[in-house]
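Chemist: any chance you could fold what I've pasted below:
(one chain, ligands or ions: 3)
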Amino acid sequence: MKHYYILLLLFVIYSCGDIQSPKKTPNIKSNQVVNQKSTSLIVLGTIQDAGSPHIGCKEDCCKDLFSNPDKDRQVVSLGLVDNNYSKKYLFEATPDIARQMKALLRDDIQNNNELVDGIFLSHAHIGHYAGLMYLGKEATNAKNMNVFAMPRMKNYLETNGPWSQLVSDNNISLTQIEKEQPISLTPNAVVTPFLVPHRDEYSETVGYRIKGPNKTALFIPDIDKWNKWDKSIVAEIKKVDYAFLDATFYNEKEINNRDISQIPHPFIIESLETFKSLDYKDRKKVIFIHFNHTNPVIDLNNEEAKNVLNQGFNIGRINDIYDL
Ligand SMILES: [Zn+2]
Ligand SMILES: [Zn+2]
Ligand SMILES: [Zn+2]
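Modeler: Ligands and ions are numbered 1, 2, ... in the order given. Have a look, this model is predicted:
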């Protein structure tokens with residue numbers, strides 16, 4: 001009988017421990033495998049520039065994360081892998097670049113170098129380029145890391161410290177790219193930048209079209225409202241197979257009920273409205289990314305996440321793999 005009580009007690013303690021553990025994204029560790037013969041994209045991060053936990057945040061979204069970090073919360077980035085030609089690239093140099101480079105060392109990726117073959121930058125906001133600092137002397141002291149940047153972005157890096165030191169020390173080697181001009185990385189991977197509206201203080205902002213042998217993806221981590229763009233996002237989604245899209249905020253509650261029309265990002269509820277003309281096949285292409293720490297869709301158990309998924313759209317998850 002005594003044993004029974006001890007077992008019961010242990011069971012209660014164990015269950016309570018489970019209930020009290022901090023809420024975590026139910027991101028089932030992706031067991032997906034990178035295509036051995038072809039080109040793939042790997043999601044290496046889904047969070048907005050400032051990360052999660054977010055500096056100074058005292059709200060429920062972050063309060064447990066300072067002592068109990070969730071390693072699945074990395075700043076937004078994609079890995080591009082071409083196993084046929086043994087090449088791998090990063091989209092964005094985020095503050096989490098060390099882990100993101102390491103995430104591209106896996107048994108199913110041919111190229112087993114610690115560093116990638118090149119990095120594509122979208123714009124000069126901290127989450128998208130500040131990780132370049134880890135290529136310098138204080139960190140890995142890289143040799144001529146190929147960094148692809150638009151003209152203003154390139155000029156900004158060349159003419160402002162500490163970035164200019166990466167250039168003069170040949171830690172990075174800048175390749176200027178132009179809007180709508182495709183760059184063939186291998187016969188199986190072609191990348192094309194295109195301009196998007198955003199608050200462009202130091203650089204222009206681009207999204208990328210990433211074309212593999214069979215499929216094409218759209219990557220737009222940051223953009224002002226969809227209707228400020230000279231292209232129709234609905235038409236662009238129809239042309240591709242995957243669309244990784246800015247979903248910084250879900251609705252106005254995250255910004256203390258301020259007028260969402262004044263905040264320069266498409267809110268998820270606005271995107272759902274804009275995309276409602278898409279049929280099920282096209283909705284499946286949409287993968288929301290770039291979540292602010294306050295965004296309730298980060299936790300797939302939340303009603304807001306279910307609303308997105310029930311309408312046929314996807315929520316970006318770290319380590320998910322998309323065949324190109
Ligand atoms: Zn951003
Ligand atoms: Zn927070
Ligand atoms: Zn930005």
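Chemist: what's stretch 192-203 in contact with?
Modeler: Here stretch 192-203 makes contact (Cβ atoms under 8 Å, 6 or more residues apart in numbering) with 120, 123-124, 149-150, 152-153, 156, 160, 177-183, 204-209, 211, 220, 222-224, 228-229, 231, 264. Every C-beta, even on glycine, is put in place using the N, C-alpha and C of the backbone.
Chemist: quick check: buried residues in it?
Modeler: T192, P193, F194, L195, V196, P197, H198, S203 (16 or more other Cβ atoms under 10 Å).
Chemist: follow-up on the earlier one: out of the contacts of stretch 192-203, which are inside helices?
Modeler: R152, M153, Y156 (DSSP state H).
Chemist: got the confidence number for the first one?
Modeler: Same thing as R152. Listed pLDDT for R152 reads 98.
Chemist: before we move on, what about the one 3 residues further on?
Modeler: What the model reports for N155 is a pLDDT of 98.
Chemist: how about S21?
Modeler: So S21 comes in at 37 (pLDDT).
Chemist: repeat that for I315.
Modeler: On the pLDDT scale, I315 gets 98.
Chemist: repeat that for H125.
Modeler: At H125, pLDDT is 97.
Chemist: now the buried members of the ones in helices among the contacts of stretch 192-203.
Modeler: Of those, these count as buried by 16+ other Cβ under 10 Å: M153, Y156.
Chemist: between the ones in helices among the contacts of stretch 192-203, which is nearest ligand 1?
Modeler: M153 (13.9 Å; Cβ to the ion).
Chemist: show me what contacts that closest one?
Modeler: M153 neighbours (Cβ under 8 Å, 6+ apart): L121, H123, A124, Y129, Y202, S203, E204.
Chemist: just V76 next, same as before
Modeler: G45, T46, I47, Q48, D49, E92, T94, G127, H128, P221, I289, H290.
Chemist: and if we set it to 6 Å?
Modeler: Counting by Cβ atoms under 6 Å, 6 or more residues apart in numbering, V76 touches G45, T46, P221, I289, H290.
Chemist: same check on A130?
Modeler: P95.
Chemist: hmm, try it at 8 Å
Modeler: Contacts of A130 (Cβ under 8 Å, 6+ apart): A93, T94, P95.
Chemist: equivalent analysis for L121, please.
Modeler: E92, A93, H128, Y129, V147, F148, A149, M150, M153.
Chemist: that one and Q74, how far apart?
Modeler: Separation of L121 from Q74 (Cβ to Cβ, to the nearest Å) stands at 17 Å.
Chemist: let's have the ones in helices among the contacts of stretch 192-203 in JSON lines, adding distance to L324.
Modeler: Listed next are those as JSON lines, based on distance: Cβ to Cβ, whole Å:
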{"residue": "R152", "distance to L324": "29"}
{"residue": "M153", "distance to L324": "25"}
{"residue": "Y156", "distance to L324": "30"}
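Chemist: that's all I had, so thanks and see you.
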